[in-house]
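Participant: Sharing a model prediction with you, sequence too.
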Number of protein chains: 2
Amino acid sequence: MKLSIIPLGGTGEIGKNLLVFEYGDSIIVIDGGVKFPDDELLGIDLVIPDITYLEKRKHKIQGIFITHGHEDHIGGLPFLLPKLEAPVYGTKLTMGLVRAKLRERGGYPENLLRVIDPGEPVKAKDFQVEAFRVTHSIPDAVGYGILTPLGRVIYTGDFKVDYTPIDGQEMDLGRLAAWGQEGVLALLCDSTNAERSGSTISEKVVGKTLMDAFSRAEGKIIMATFASNVHRIQQALEAAALLKRKVCVVGRSMEAVVATARELGYLHLPDPDMLIETSSVNDISPSRLLILTTGSQGEPLAALTRMATGSHRQVNVSAGDTVVISATPVPGNEKLIGRTINHLFQIGADVITKDMGLVHVSGHANQEEIKLIIRLTRPKFLIPHHGEVRHQMAFRKIGNLMGYDDKKIAITQIGTRVLLDTDKMECAERVESGSVFVDGLGIGDVGQIVLRDRQQLSQDGVVVVVAALSKGSPTTLVSGPDIISRGFTFMKEAEELVEGAKKVVAASIETQINKERWEWGVLRGSIHESLSQYLWDKTRRRPMILPVLLQF
Amino acid sequence: MKLSIIPLGGTGEIGKNLLVFEYGDSIIVIDGGVKFPDDELLGIDLVIPDITYLEKRKHKIQGIFITHGHEDHIGGLPFLLPKLEAPVYGTKLTMGLVRAKLRERGGYPENLLRVIDPGEPVKAKDFQVEAFRVTHSIPDAVGYGILTPLGRVIYTGDFKVDYTPIDGQEMDLGRLAAWGQEGVLALLCDSTNAERSGSTISEKVVGKTLMDAFSRAEGKIIMATFASNVHRIQQALEAAALLKRKVCVVGRSMEAVVATARELGYLHLPDPDMLIETSSVNDISPSRLLILTTGSQGEPLAALTRMATGSHRQVNVSAGDTVVISATPVPGNEKLIGRTINHLFQIGADVITKDMGLVHVSGHANQEEIKLIIRLTRPKFLIPHHGEVRHQMAFRKIGNLMGYDDKKIAITQIGTRVLLDTDKMECAERVESGSVFVDGLGIGDVGQIVLRDRQQLSQDGVVVVVAALSKGSPTTLVSGPDIISRGFTFMKEAEELVEGAKKVVAASIETQINKERWEWGVLRGSIHESLSQYLWDKTRRRPMILPVLLQF
C-alpha cells in the first residue's frame, strides 16, 4: 500500500493551505486556509479549497492539524469543519485564534478542539503526528513530523530560522536533525522565499529600527502592521514603554488578536498601565502616544486607510505625526498602500516604510535556511509547498544543487496525488479539487458564468429593453420599446443615442413580428444583435443587453 | 504682470503630463499625456487631463512643446489637439511617434507638426523656448529652457543623467550650467525617483547583462520590454548579432516603434539580414532566435502574455526557452506580471527578471542626479513635477538639504496656479482642471454616477423585476412579477430564492396598488426596498435592482 499526499490548496499559489495525507483507511489533514480573491473575481469575498474529495472520505479523517494561526492556514475552517466534523489539533495560541474564528460563524463542538504541545505525538490511526516548534511571524507556530507506515514525512509549515526569536521559543532544529538521523521519507517545505538568496533577518532587528524611528518622532506615532504579528506588536510595546508613550490598539482584527494573545500569555505589557482606550486618544499629548493599527496593505476599510483619508471616527493624523508601515505589500496591494502613503504625506505626516529602513522582515525562509532544513532532515524526496510555480521551481533549483534530481522533487498542482513508497515517489492523476468562492452567505453558488456576467457589467454596464406585443394575430407592438441603462453612459446627455437605439429595436421587432410565424427566441436574438451592433458602432462599448418582452 | 505655471496633469500623480505657462496673452503648453486607469475606474480605457482652462484661452496658445515620445507625454494629443489647434514642436523621433499616434485617430494638419533641434530657440510671443538634450529611456528626449519676461524657467522633462548613453547623445549639462550662470528663476524637475538615494545605473550596464544572459541560453530567447525603449532594443540587437541569432519583433506597439525608429535613423541593425518576419519564426532553430516583444507588464492582451498562455498564433514558448523580462512592474501590475512568470515556469522556460540581475534600469534621476541639476541651474525656486505626493515630498527634502526652505519649493496639485514674480513664488487658487475619462468613443460621458453603477454591478450583478398592472380601477397585477438576474447568483440553483423574491415583490405591489391613490414612485421604491432587504437577508449581497413596470 502506498502513501498519498494531496495538496488541496497552497500549491502553485500562496494561500488556502490544505494538505491531505492518506494511507489505507487513515486520513489526516493539515491546515484549512482561505485566500483573498484576485481582482477579476468580482464581488467574491473569500476563496476556499474544494474539499469534495475529503467529504466523500469523511469517515476516514482522523484529525485536522493546524500549523499556525494565519488566515491562509485557518481562515477556511469555519466553512470546512462543519462538513468534516473531525477533531482539530493545534498549539495553544493557534487554537485560541481558531476558536475565535469559529465563533464568528456558528462555532464548533468544544470537545473537537484540542490543544497539543510540540514533542507530544498524537496517534491518528495509521499515522503518528508530532508537532515541532518553528519560528515564524506569529508565535506558537509548528511544523509536523508524521510517522507513516512507510516512513516519516516532515512538513515545515510556514517558517524562517530565527536564531533570536522575540519570545525565546527557538525552532526545534534538534528534533529535525534526530529525525534526519533516523531516516526521513519526504520533506514538504515552505518555498515562499525560495527565490531569495541568503537568510532572512531576525525579527529582533526590527525592534532596533522601531526604537530608532520612535525616538526621533515628535508628534503622534502610528504604526501599522499585520494584526497577527504578535512579536512585532510586543517589540512596539517595549519601545513605547521605554519612551513613555501610551499605546492604543485600533482596528477590529488587531484588537481581537491582542486580546487573545494577552489572555493566553503570548503578549506582555512592559508597563501594566500603558494601554489606553481609543476614546481617550485625544486626551493624551501626541508626543506621548503610539497607535498600533491595521491597514498596512492599504485595505479600503482598514483603520490606517480611514485615518489617512480623515474618515476615522476617533483617530486623526496631523502634520508632524510619524507613520510607520511595518509590513511589505502583498503582491496586488502596492497601489492601494501607495495611495495611503500619498494621503499621509499630503496631510504633512512623515511616513517610514520598509524601503527606508528595516521596519519589516519576512517570516519565510530564504535559500540558505531551506538548505539547512534539507541537510538536517536528509529526506529521500522533496516536495515544495506554499508557493507559486516560480517559487516551486526556485526550490527545485536548490534541491538540484544539493544533489536531488528532478525525479526526486515533486512539483505539484492543486489536487495532485503524490504517491510515495519507501523508495519511490510519483505524481499520479489529480483528484477532484479546485476553488470554491464565498460571496456573502453563498458558498459555491457563484461560478464562472456569474463572474463573466459581472465582468461584462463592470466594463460597460447593462441596457434593458422593454417592449409589449399584442396577443392576437397579427402581432403588433403595443408599447415601447423603452430603454433603461445603468453603468453604460450618462443617459441624460445621450438622448440622441437612446432615440436611435429605440428606432433600431423597433425596426428589429417589426421585421420579426411581421413574419407569418415568428418565434420568441429569434425575436430576442434579433433585438440583442441589432442593438449590440448599433451601440458598438456609436460608442465602441458592449453593455449587457437584456430584452424584456411582454405580450397582452 | 506675473508668470503663471499651471500643471493640468502629471503632478501628485505619475501620468498624463501637461504643463501650462501663461504670461499676459501668451500661453505655451508642454506635453499632452494620458494615464492608464486605476482598477476602480471600471471599463475606462484612458484618462486624459481636463483642458477646459486651455479651451477658454485657445487664442493665446503659441505652441505645444513635447519633451519625448512616451505615452504619458504624447498619448493625450489625439484627444487634446483637435480642441487646441496649435502648432506642436518636438525633436525628430518624438514627432515621428506623435505623427503615428495622431494618425490612429483622425490625423492633424501637417503644417502644425514642427520638428525642432535642441539648442534652437523657438519664439512663442512673450516666451522663447529652447530644447536641451536629456538622457532618458527613449532616444531624442529633451527638456525646455523657457525664457520668460521675468526670467528663465527650466523644465527637465523626464530624465536621468546617463554619462554613457547608448546613442552617444549626452545630456546637455553645459547648457544647464550656462543658464545657471545667467540666472534661473525656477526649476521644474522630474521627481519620480526622488525617494531613491545615489544615482541610477547607466543603460549601458544592461547591455552587458543581456549579453551574459543571452550567451547562456540554449533554446529560444524571448525578451520583453517597453515598446518605446529603443536603446534597450538596440542593445538586444547587438547581443543577438554577436551570438548569430536572428531577431523577430512581435507585438503591435513594438513593431510600430521599431519601424518609426529605423525609418528615422534611431535604430541600427548590426547585421542587415538579422530581422525576420513572425511567419518564419518556426523555420529557424530555437538556438538561433531572439524574439523581442511586448507584455513586460503582464497586460492580458500583450504578446508575451499570449505566448505564456499558449494563445499566441505564431510564437510558442517551450521547455528550455529563456524569457528575459527587461522591465520593472509599474505599481499595480505586479500580480499580472507574476501570473505570466508562473505560466512561463509551468511550461518549463527559465525566466530572468530584474530581481535576478541588471536586465533593467530606471530612466529617472535618483537623488544625486537631482542634486546635480539643482546645483548646475541654481534656480531661485523649485517645483517638483512628474511625481506622486510622496515623490514631491522626497524632492522637497532634497531641496531643504540644499538650502531651499519650504517657501521656495512649490508642492502643486493638478490645477494649482504657481504665480512667479522675479523674486517671489506663491501658489494661488486652483484653476478648472481634473480628469476626463475615455471609454470607447466616448470622451467625458462616463462620470462618477456611471462608475458607481458599474462598481455595484461588478460586485453583485443586476436583478430586473418585471410586472404588468391593469389600467382600470381598481388596479390589479395582470402579469408577473418575473425576475431576471445577471451576475447575481446562478439562478437555476436558486429556485427557492427566486420564488421567495417573487412573493416578496408581489406582496409589495399588492399593498401599494390596493391603496386608494397609489403612485408610481412609491410603488417602485417599495419594490426596491422590500426586494433589496429580502436578498440581503438571504444572501448578504446587494445587486442593483431595476423594477420594470408596465400598465395595460
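Facilitator: Looks like it arrived, so ask away. What you are looking at is a predicted structure, and each value in this text was computed from that prediction instead of being measured.
Participant: Please state the offset of stretch A:77-95 from the chain centre?
Facilitator: The chain centroid and the centroid of stretch A:77-95 are separated by 18 Å, computed with CA atoms, centre = their mean, to the nearest Å.
Participant: and it, C-alpha only, in CSV?
Facilitator: Taking C-alpha atoms only, stretch A:77-95 is exported to CSV below (Å, rounded to 0.1, in the frame of the first residue of the first chain):
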residue,chain,number,x,y,z
LEU,A,77,-12.1,26.3,8.9
PRO,A,78,-15.5,27.9,9.6
PHE,A,79,-16.6,26.7,6.2
LEU,A,80,-14.8,23.4,6.1
LEU,A,81,-15.1,22.0,9.6
PRO,A,82,-18.9,21.6,9.6
LYS,A,83,-18.5,19.3,6.6
LEU,A,84,-15.7,17.2,8.1
GLU,A,85,-16.7,17.0,11.8
ALA,A,86,-13.2,15.9,12.8
PRO,A,87,-11.1,16.8,15.8
VAL,A,88,-8.8,19.8,15.3
TYR,A,89,-5.3,19.9,16.8
GLY,A,90,-3.0,22.9,17.4
THR,A,91,-0.9,24.7,19.9
LYS,A,92,-2.4,27.0,22.5
LEU,A,93,-2.3,30.3,20.7
THR,A,94,-3.2,28.7,17.4
MET,A,95,-6.3,27.1,18.9
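Participant: Could you tell me which residues within that stretch count as buried?
Facilitator: A:77-81, A:84, A:86-91, A:93-95 (16 or more other CB atoms under 10 Å in any protein chain shown). In this view, the C-beta of every residue, glycine as well, is placed from N, C-alpha and C.
Participant: Name the SS class of the residue in the stretch 1-150 of chain A that chain B sits nearest to, please.
Facilitator: Residue of the stretch 1-150 of chain A nearest chain B, by CB to the nearest CB: residue A:43 (4.0 Å). Following DSSP: H, G, I helix; E, B strand; the rest coil, residue A:43 is assigned to coil.
Participant: give the contact list for the nearest residue in space to it that is not next to it in sequence.
Facilitator: Setting aside the residues directly before and after it, residue A:43 is nearest to residue B:459 in space (CB to CB, 6 or more residues apart in numbering or on different chains), at 4.0 Å. By CB atoms under 8 Å, 6 or more residues apart in numbering or on different chains, residue B:459 lies in contact with A:42, A:43, A:454, B:541, B:542.
Participant: rewinding a little: restricted to helices, list the buried residues of stretch A:77-95.
Facilitator: Judged by DSSP state H, the buried residues of stretch A:77-95 include A:77, A:78, A:79, A:80, A:81, A:84, A:93, A:94, A:95 as members of helices.
Participant: Check those one by one and keep those near chain B.
Facilitator: Among those, no residue lies close to chain B (CB under 8 Å from any CB of the partner chain).
Participant: Mind putting these into a markdown table with pLDDT?
Facilitator: Formatted as a markdown table, those follow (pLDDT from 0 to 100):
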| residue | pLDDT |
| --- | --- |
| A:77 | 97 |
| A:78 | 96 |
| A:79 | 95 |
| A:80 | 96 |
| A:81 | 96 |
| A:84 | 95 |
| A:93 | 97 |
| A:94 | 97 |
| A:95 | 97 |
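Participant: Could you export those as CSV, including distance to residue A:386?
Facilitator: Formatted as CSV, these follow (distance: CB to CB, whole Å):
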residue, distance to residue A:386
A:77, 18
A:78, 21
A:79, 20
A:80, 18
A:81, 21
A:84, 22
A:93, 20
A:94, 16
A:95, 21
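Participant: how about the CA coordinates for the helix or strand where residue A:545 lies, as CSV?
Facilitator: Element membership for residue A:545 (DSSP states H and E) is strand A:544-551. Taking Å, rounded to 0.1, in the frame of the first residue of the first chain, the C-alpha atoms of strand A:544-551 are listed here in CSV:
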residue,chain,number,x,y,z
MET,A,544,-25.0,43.6,-21.4
ILE,A,545,-28.4,43.7,-23.2
LEU,A,546,-31.5,42.3,-21.5
PRO,A,547,-34.6,42.3,-23.7
VAL,A,548,-37.8,42.2,-21.6
LEU,A,549,-40.8,41.3,-23.8
LEU,A,550,-44.4,41.0,-22.6
GLN,A,551,-47.5,40.0,-24.5
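Participant: Sheet partners, orientation included, of it?
Facilitator: Strand A:544-551 has the following strand partners under DSSP bridges: strand A:462-469 (parallel).
Participant: so how far is the strand it pairs with from its chain's centroid?
Facilitator: For strand A:462-469, the distance to the chain centre is 41 Å (CA atoms, centre = their mean).
Participant: Show me which residues of the very next helix or strand once past that strand are buried.
Facilitator: Per DSSP H and E, the first helix or strand lying C-terminal to strand A:462-469 is strand A:477-486. Of all the residues in strand A:477-486, those buried under the rule 16+ other CB under 10 Å are A:479, A:480, A:481, A:482, A:483, A:484, A:485, A:486.
Participant: Out of those, which are close to chain B?
Facilitator: A:479, A:484, A:486.
Participant: I'd like these laid out as TSV, including pLDDT and distance to residue B:343.
Facilitator: Compiled in TSV, those are given as follows (pLDDT from 0 to 100; distance: CB to CB, whole Å):
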residue	pLDDT	distance to residue B:343
A:479	80	52
A:484	91	41
A:486	93	36
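Participant: In terms of distance to chain B, which of those ranks first?
Facilitator: Using CB to the nearest CB, those come closest to chain B at residue A:486, 4.4 Å.
Participant: Quick check on the residue lying closest to that closest one once chain neighbours are set aside: phi, psi?
Facilitator: The spatial neighbour of residue A:486 that comes closest, neighbours along the chain excluded (CB to CB, 6+ apart), is residue B:453 at 4.4 Å. The phi/psi pair for residue B:453 (degrees, to the nearest 10) reads phi -60, psi -40.
Participant: For residue B:453, grab the count of nearby residues.
Facilitator: 22 (other CB atoms under 10 Å in any protein chain shown).
Participant: what do you get for residue A:530?
Facilitator: Other residues close to residue A:530 by other CB under 10 Å number 18.
Participant: so who does it touch?
Facilitator: By CB under 8 Å, 6+ apart, the neighbours of residue A:530 are A:504, A:505, A:507, A:508.
Participant: Residue A:374 too?
Facilitator: With the criterion set at CB under 8 Å, 6+ apart, residue A:374 makes contact with A:187, A:189, A:382, A:398, A:399, A:402.
Participant: ok, now residue A:449?
Facilitator: Residue A:449 neighbours (CB under 8 Å, 6+ apart): residue B:490.
Participant: Regarding it, what is its secondary structure?
Facilitator: Under three-state DSSP, residue A:449 comes out as helix.
Participant: pLDDT wise, what is it at?
Facilitator: With respect to pLDDT, residue A:449 scores 90.
Participant: still on that earlier bit, so the residue of the stretch 1-150 of chain A closest to chain B sits right up against residue A:453, yeah?
Facilitator: No. Taking contacts as CB atoms under 8 Å, residue A:43 lies outside contact range of residue A:453: 10.4 Å.
Participant: what is in contact with the two at once?
Facilitator: Common neighbours of residue A:43 and residue A:453 (CB under 8 Å, 6+ apart) are B:461, B:487.
Participant: which residue packs closest to the residue nearest in space to the middle of chain A, ignoring adjacent ones?
Facilitator: Centroid check for chain A by CA atoms, centre = their mean gives residue A:35 as the closest residue, at 3.2 Å. Of all residues not flanking residue A:35 in the chain, residue A:15 sits nearest, at 3.0 Å (CB to CB, 6+ apart).
Participant: what does residue A:504 give?
Facilitator: Nearest to residue A:504 is residue A:534, by CB to CB, 6+ apart, at 4.5 Å.
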